[in-house]
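[1] Can you look at this prediction? I've put the sequence above it.
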Amino acid sequence: MDILSIRFLLLAAGLVVMYFLVPKRFQWPLLLAVSLLFYCMAGVRHVIYILITASSTYGATRIIQGMENRQKLFLRENKAALSKEEKTAYKEKGKSRRKAVMVITLLLNFGILCAFKYFHFALEQVNSVIGALGGSQIEDSFNWIIPLGISFYTFQSMGYLLDVYWGRVEAENNYFKVLLFVTFFPQITQGPISNFKQLTEELFAEHSFSYRNYSRGCQRMMWGFFKKMVVANVLSIYTGNIFANYGSCSGLSALAGMFMYSVEIYADFSGYMDIMCGLCEILGIRLMENFERPYFSKSVAEYWRRWHHSLGEWFKNYLYYPIAVAKWNQKLGRNAKEKFGKAFGNNLPATLALIVVWFTTGLWHGASWAYIVWGGLNGAVIIFSLWMEQTYEKWKSALKIKDSSWGWRAFQTVRTFTLVTFIKALPEVGTLSQGVGLWKSVFAHSGGFADLLSVGDTKSLCAALAGTLLIFVTSLIQRRQSVRSWLEDKTCLPVRILLFAVLFIAIVYFGVPVMENVEGGFIYAEF
Amino acid sequence: MQSFKKALFVSLAFVLCVIIISALLVEPLFINRPNYFQDSEARNELSGTIDFAISGSSYSYRAFDPNIIDGVLGTSGYNFSGARMTMAGRYEMLKLETERNPIKTVVFDMSCDTLYRNRDEEGPEGDLYLLSRIDSPLERLKYASQQIRLDEYFSVYYYFLKSGISAIINPDESGWTDSDRVECRGYYPRWMNDMSMTAAEYAEIRNTESMETEIYAENLEYLNKIIELCKEKDIRLIFVTVPVSNQTLCRVDNLDVPREKYAEIAEANGIEFYDLNLLKNRSELFPEETAFFDDSHLSTYGSATFSSVFAELMQTVNGGGDVTDMFFSSYKELDANSVYSK
């Protein structure tokens, strides 16, 4: 279901009314029913895959927890009877069985994800090799539609599975609660990727209607619609034109197009988050925040802590740390320290973990070399900064640069924004060579902004630029306090009602005509 | 409960605020009437005098000049047609105008796609134009609630916001005044374009397109309502097909399908039906060089001829004359005798 539609608004309104009318113990089952309905509207035949994920996750976590509990009980009951070696052997056997269940479930679910997302890409690479060797290529006649949200719900479920395996959280006994955790509709298409403990605390708590939650939630939803419809959708007309014609457009237009794309994708993604987080806020449910003014970051590493925070957390918890602290990696680090020095030894394990994380991140975003290189570039910048950290400190000390100085912070922010803009645009044009072509056009072609401004209408562009300025101003306010609190402090209720009424009309006036001309929905729903 | 009451109060206040601001922005569209087709004041002024009505979409909008027809038949006519007007819209307009006018005759445009146009695919454009022509806010709301689909609400809201703001910024956009509209009596001419083609060009497009042949149920439903309305009010209903250019006649290969359907409905209800595409002398009357604006609509020149021809045809029929010999019996027969088939 398109969330930029009146049907979604009616569904949301109906959900809010029903949520607070039903007895509190039926609130989460109602959420489950609506989530399944939402998913079915995207295509009933794909429900089977999300059910496989939910069911396999539930089954595996119950089995693992059961094994763990039985092991603990057995060891407690036979504490005196067993020798230390027997206890160790028993624990190892139990651990390997639990590991087998975990691995099988991971393979099943990531296998389904990879089959849907990466089959064509893999076949393409195989065909390239076959072609280079002069053989006859394999026909790619498989034409399947990727199930809605598969990247997001697979990661979320597998995170829960690993949490249970590592004993961080106890397995849930109620299948339908696990099903809700997996299918919860506000986050199914674009996240945030929540951890089980944090999300279920919110989902299964009983919520009473609160005016504050209602008004703040509605305000946030409207802000999200504004960002998506007026800013993101309008800018996409310009960026789409530039990315399609980078070969012939001027350098300034290409550069402006890339910066517009940075604004577009932020407005698109964070707009969606605002809409869904706003709806959840009305219900009294707090979702994890996915953005924290990412374009104010002073380094690429910081940027990735502030952008799509939940994905970064997932990779950190379930990929980076396990690799970084793995015994083989730690041993490698110690050996490297002996041979090449302390700094080398300390950085090596982290570097190896980062390489894996960024390769996987690139692949998660898209099945193409452009995305793999995109991930690699991000990783390379972060790794480079890690290795150069001490050198940078020496340079800053020599040049007497203070971290707290306004000029230095501004330089870092602009530098980081420019860097992420260039990297971000690479896979958006199409292939890797097209992305590089876009970069080259920034420096190769002269000319003004005529190419950029040749599409769309001035009215919409002015609205999008004004919207961009508004986003910037609200981001500045957010450094001190939430914008909604700021509004409550500075304005009275009638003024706020008038402000949001004007915002609503502006969304319709500037956003509706563009929405009807823009193909597709939200950018991150494609991931 | 207090929390809920406050939320309800604030929500209602917000909705009221949106409605008031929207109304302030939209009403200039109806006050200034900047679009040439906004003829509500003209119709109000002529109310009570019209006895000859023309109803249709853009085919008849550009074809029937009531001043010419009135000159021949001695009637007081008005062309109530509208661009992309749906059958529901035609019914709404006729229902309104037959109540306040002594209409005795309704000439009903039944062009090739009249029963086949799919409102769900075409969108709300025709309904938007009609809503701009309805004066009363309550009537507008009533029509909109019946005809505008759920998914179109924001598009329609946007259209009226945009039109209202344009009407504020540029109140005289079209240059048409109410007295102009009274004078034209609902007819809005178009300039001419040379639609002639060479034999080779005709050969290239010949029979390359087929009309949609599935009747859109809502169209038939409202046509039946219009037939009932006319029977109820003892109004003479006449089906007319407006001439289109040779390009359309050459390109489309199944024009007999809608024609036969219209003939069937006309016969079942005792309605006269004249397909003026089938006039034997259409080539002389509607030369491709001057008679058309595009492949489906008559030009100023073409509509003047058409209105005269139609009025004379009616005069003959009213006098008891037989006009059958003036027409080919089918598009197949027209095709066999046309310049583009040679």
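    All right, it came through fine. Numbering: from 1, shown residues only, chains lettered A, B, ... in the order given.
[2] Which positions in the stretch 1-150 of chain B make contact with chain A?
    Contacts of the stretch 1-150 of chain B with chain A, taken as Cβ under 8 Å from any Cβ of the partner chain, map to B:2-4, B:6-7, B:10-11, B:13-14, B:17-18, B:21-22, B:25, B:150. For the C-beta atoms, the positions are set from N, CA and C on the backbone; glycine is no exception.
[3] repeat that for 7 Å
    Neighbours of chain A within the stretch 1-150 of chain B, by Cβ under 7 Å from any Cβ of the partner chain: B:3-4, B:6-7, B:10, B:13-14, B:17-18, B:21-22, B:150.
[4] can you redo the residues you listed as JSON lines with secondary structure, distance to A:Tyr321 and pLDDT?
    Below are the residues of the stretch 1-150 of chain B next to chain A laid out as JSON lines (DSSP: H, G, I helix; E, B strand; the rest coil; distance: Cβ to Cβ, whole Å; pLDDT from 0 to 100):
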{"residue": "B:Ser3", "secondary structure": "helix", "distance to A:Tyr321": "43", "pLDDT": "87"}
{"residue": "B:Phe4", "secondary structure": "helix", "distance to A:Tyr321": "45", "pLDDT": "89"}
{"residue": "B:Lys6", "secondary structure": "helix", "distance to A:Tyr321": "46", "pLDDT": "93"}
{"residue": "B:Ala7", "secondary structure": "helix", "distance to A:Tyr321": "44", "pLDDT": "94"}
{"residue": "B:Val10", "secondary structure": "helix", "distance to A:Tyr321": "46", "pLDDT": "94"}
{"residue": "B:Ala13", "secondary structure": "helix", "distance to A:Tyr321": "51", "pLDDT": "96"}
{"residue": "B:Phe14", "secondary structure": "helix", "distance to A:Tyr321": "47", "pLDDT": "96"}
{"residue": "B:Cys17", "secondary structure": "helix", "distance to A:Tyr321": "51", "pLDDT": "96"}
{"residue": "B:Val18", "secondary structure": "helix", "distance to A:Tyr321": "50", "pLDDT": "96"}
{"residue": "B:Ile21", "secondary structure": "helix", "distance to A:Tyr321": "53", "pLDDT": "96"}
{"residue": "B:Ser22", "secondary structure": "helix", "distance to A:Tyr321": "54", "pLDDT": "96"}
{"residue": "B:Leu150", "secondary structure": "helix", "distance to A:Tyr321": "49", "pLDDT": "90"}
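[5] now these as CSV including neighbour count and distance to A:Gly511?
    Shown next, in CSV, are the residues of the stretch 1-150 of chain B next to chain A (neighbours: other Cβ atoms under 10 Å in any protein chain shown; distance: Cβ to Cβ, whole Å):
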residue, neighbour count, distance to A:Gly511
B:Ser3, 14, 31
B:Phe4, 14, 30
B:Lys6, 15, 29
B:Ala7, 20, 25
B:Val10, 19, 23
B:Ala13, 15, 23
B:Phe14, 19, 18
B:Cys17, 19, 19
B:Val18, 19, 15
B:Ile21, 16, 16
B:Ser22, 18, 15
B:Leu150, 10, 18
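[6] Stretch A:196-212 close to chain B?
    Yes. For stretch A:196-212, a contact with chain B is found by Cβ under 7 Å from any Cβ, at A:209-211.
[7] Going by distance to chain B, which of these wins?
    Nearest to chain B, judged by Cβ to the nearest Cβ, of those is A:Tyr211 at 4.2 Å.
[8] shouldn't the closest one be in contact with B:Lys5?
    No. Contact between A:Tyr211 and B:Lys5 fails when scored by Cβ atoms under 7 Å: they sit 8.8 Å apart.
[9] Which one's more surrounded, the two?
    Taking neighbours as other Cβ atoms under 10 Å in any protein chain shown, A:Tyr211 and B:Lys5 compare with A:Tyr211 leading, 16 against 10.
[10] and the closest residue to the more buried one other than its chain neighbours, what is it in contact with?
    In space, and not counting its chain neighbours, A:Tyr211 is closest to B:Ser3: 4.2 Å by Cβ to Cβ, 6 or more residues apart in numbering or on different chains. By Cβ atoms under 7 Å, 6 or more residues apart in numbering or on different chains, the contact set of B:Ser3 is A:209-211.
[11] and what of B:Met314?
    Contacts of B:Met314 by Cβ under 7 Å, 6+ apart are B:Leu73.
[12] Can you say which helix or strand has it in it?
    helix B:300-318 (DSSP states H and E).
[13] avg pLDDT for that helix?
    Helix B:300-318 comes out with an average pLDDT of 96.
[14] So for that helix, what gets flagged as buried?
    B:300-311, B:313-314 (16 or more other Cβ atoms under 10 Å in any protein chain shown).
[15] so what's A:Phe527 scoring on pLDDT?
    Note on A:Phe527: pLDDT of 58.
[16] Check B:Asn337 too.
    pLDDT, read off for B:Asn337, is 90.
[17] Tally up the residues packed near the nearest residue to it once chain neighbours are set aside, please.
    Using Cβ to Cβ, 6+ apart and skipping the chain neighbours, the partner closest in space to B:Asn337 is B:Phe328 (6.8 Å). B:Phe328: 18 surrounding residues under other Cβ under 10 Å.
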